[in-house]
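In: build me a model from this:
(one chain, ligands or ions: 1)
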Amino acid sequence: MMLIPCPFCGKRNESEFVYGGPVGAARPDTNAVSDADWVEYLTITPNPMGPVQERWWHARGCGEWLTIWRDTVTHDIVEVPDGSD
Ligand SMILES: [Zn+2]
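Out: Predicted structure coming up:
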């Protein structure tokens with residue numbers, strides 16, 4: 001079980017959240033990208049080892065979106081939101 005620190009609700013079980021994906025995936029230029037690269041952008045989620053900045057939606061709580069840094073190896077939250085996000 002992973003506890004995610006919501007700036008409004010405190011530490012809550014991950015089952016209350018919906019994963020929103022990694023932050024920073026650059027959207028390719030739709031006029032210049034190949035079909036294969038576009039499909040890859042839409043369907044492939046990067047999953048590197050180590051700290052990753054991610055978006056999470058507190059769907060079964062306050063309804064706010066959070067940005068956290070999570071280590072994908074240990075699932076430790078290495079940087080918490082400050083509520084200004
Ligand atoms: Zn919340």
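
In: which bits of the protein sit near the ion?
Out: Residues of the chain lying close to the ion by C-beta under 5 Å from the ion are 6, 8-9, 58, 61-62. Using the backbone N, CA and C atoms, a C-beta is placed for each residue, glycine as well.

In: how many other residues sit next to P5?
Out: Around P5 sit 14 other residues, with neighbours defined as other C-beta atoms under 10 Å.

In: contacts only, for it.
Out: Listed by C-beta atoms under 8 Å, 6 or more residues apart in numbering, the contact set of P5 reads 11-12, 68, 77, 80-81.

In: mind running it again at 7 Å?
Out: 11, 77, 80 (C-beta atoms under 7 Å, 6 or more residues apart in numbering).

In: so the last one sits against T67, correct?
Out: By that I understand V80. No. At 9.7 Å, V80 does not count as touching T67 under the criterion of C-beta atoms under 7 Å.

In: report all helices and strands that the helix or strand where R12 lies contacts.
Out: Mapping R12 onto the secondary structure by DSSP states H and E places it in strand 10-13. Using 3 or more C-beta pairs under 7 Å, 6 or more residues apart in numbering; DSSP states H and E as the contact test, the elements touching strand 10-13 are strand 3-6.

In: min pLDDT across the contacts of P5, which one?
Out: Confidence by pLDDT is poorest for V80 among the contacts of P5, given 73.

In: distance check, that residue against V18.
Out: If you measure V80 against V18 using C-beta to C-beta, to the nearest Å, the figure is 18 Å.

In: look up the pLDDT of A25 for me, please.
Out: The confidence metric pLDDT takes the value 68 at A25.

In: could you pull out the strands for this protein?
Out: Counting by DSSP state E, the chain forms strands over residues 3-6, 10-13, 18-22, 51-57, 65-71, 77-79, given from the N-terminal end onward.

In: so in terms of bridging, what pairs with the one residue sitting closest to the centre of the chain?
Out: Most central residue of the chain, judged by C-alpha distance to the mean C-alpha position with C-alpha atoms, centre = their mean, is E54 at 2.3 Å. Beta-bridge partners of E54, counted by DSSP bridges, are P22, I68.
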